[in-house]
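S.K.: Generate a structure from the sequence data that follows.
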Amino acid sequence: MPRRKRSPTDGPPTELSRSALEGFIRCPYCFYLHRRLGIKPPDQFPLTLATATDALLKNEFDAVRQSGHRHPLWEREGLKVRAFDHPQLDVWRQNFKGIRTLHEPTGTTIYGAVDDVWENLDTGQLHIVDYKSTSKQGDPSLEGGFGDGYRRQMEIYQWLFRQEGFDVHPVGYFLYVNGSKRGGFYGEALAGRMLFDTVLLVHEGQDEWVGSVVTRAVECLHGSLPEPSVSGCDSCRYYLERSAVTE
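M.R.: Model prediction:
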């Protein structure tokens, strides 16, 4: 059954996703329009290649999870981990479900869908793993571009698992597959295939900020419409400049 769109008469939501919190951090005005009034920003182009690589990586690590074998990536990186097996893993991965926790100060449920979880063989702690895909010259990094948002994403996931009683290692991993622009294979034509370089990025998360952001986001939804963020939000700038021309 498709999810019903929010209406201004619905009142503030009682659930907020990880991406909703990121939206609040980026622009409270657009966050309020979307989550309180049901006015979504324009849709972005679907990331179909990223969806495909996510599915392939999940299938690959699920096979390792079931077999108990060591993945070559772990050997290459010198990691003493295994794929964490839990009966709720499939739920944790589903959009609009994910791992959930009740933020008691606001009575709001916060949730997020993770890609994978690895277990540290020495400490038993959990490493949150997020799959990313790109195609760029050189190795991907968490500096500049979407890096700040990716780091916050990881830290919200770590916070969610800790809130639900899991012992989470401060180190999380971004498993990046980088589509190579090198032409041909073994001197032959592309032949319908694309090479990917695999890069593992490490992030030591600090999630102490998450609870206060949840509180501020909920307070925002119970208040009045914030001012647009013209300097930091492309959507706000577009709407305001368009209104100035058409009025």
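S.K.: Name the residues that touch stretch 237-247?
M.R.: Outside stretch 237-247, the residues within contact range by Cβ atoms under 8 Å, 6 or more residues apart in numbering are P228, V230. C-beta: built from backbone N, CA, C; applies to glycine.
S.K.: Over to stretch 14-27?
M.R.: The set of residues that contact stretch 14-27 without belonging to it, under Cβ under 8 Å, 6+ apart, is 30-31, 34-35, 96, 98, 107-113, 149, 152-153, 156-157, 160, 210, 213-214, 216-218, 220, 228-229, 232-233, 235-236.
S.K.: Give me the buried entries from those.
M.R.: For the contacts of stretch 14-27, a burial check counting by 16 or more other Cβ atoms under 10 Å picks out 30-31, 34-35, 98, 108, 110-113, 152-153, 156-157, 160, 210, 213-214, 217-218, 220, 228-229, 233, 235-236.
S.K.: Which of those residues fall within strands?
M.R.: Assigned to strands by DSSP state E, the following of those qualify: T108, I110, Y111, G112.
S.K.: Nearest to H127, out of those residues: which one, please.
M.R.: Checking these against H127 with Cβ to Cβ, the nearest one is G112 at 15.8 Å.
S.K.: Now do the contacts for that closest one.
M.R.: G112 makes contacts with S17, R18, S19, G98, I99, Q153, I156, Y157, L160, as judged by Cβ under 8 Å, 6+ apart.
S.K.: And those, which is closest to L195?
M.R.: Taking Cβ to Cβ as the measure, L195 sits nearest to Q153 out of those, at 26.8 Å.
S.K.: Tell me which residues touch the closest one, please.
M.R.: R18, E22, G112, D130.
S.K.: change it to 7 Å
M.R.: Contacts for Q153 (Cβ atoms under 7 Å, 6 or more residues apart in numbering) come out as R18, E22, D130.
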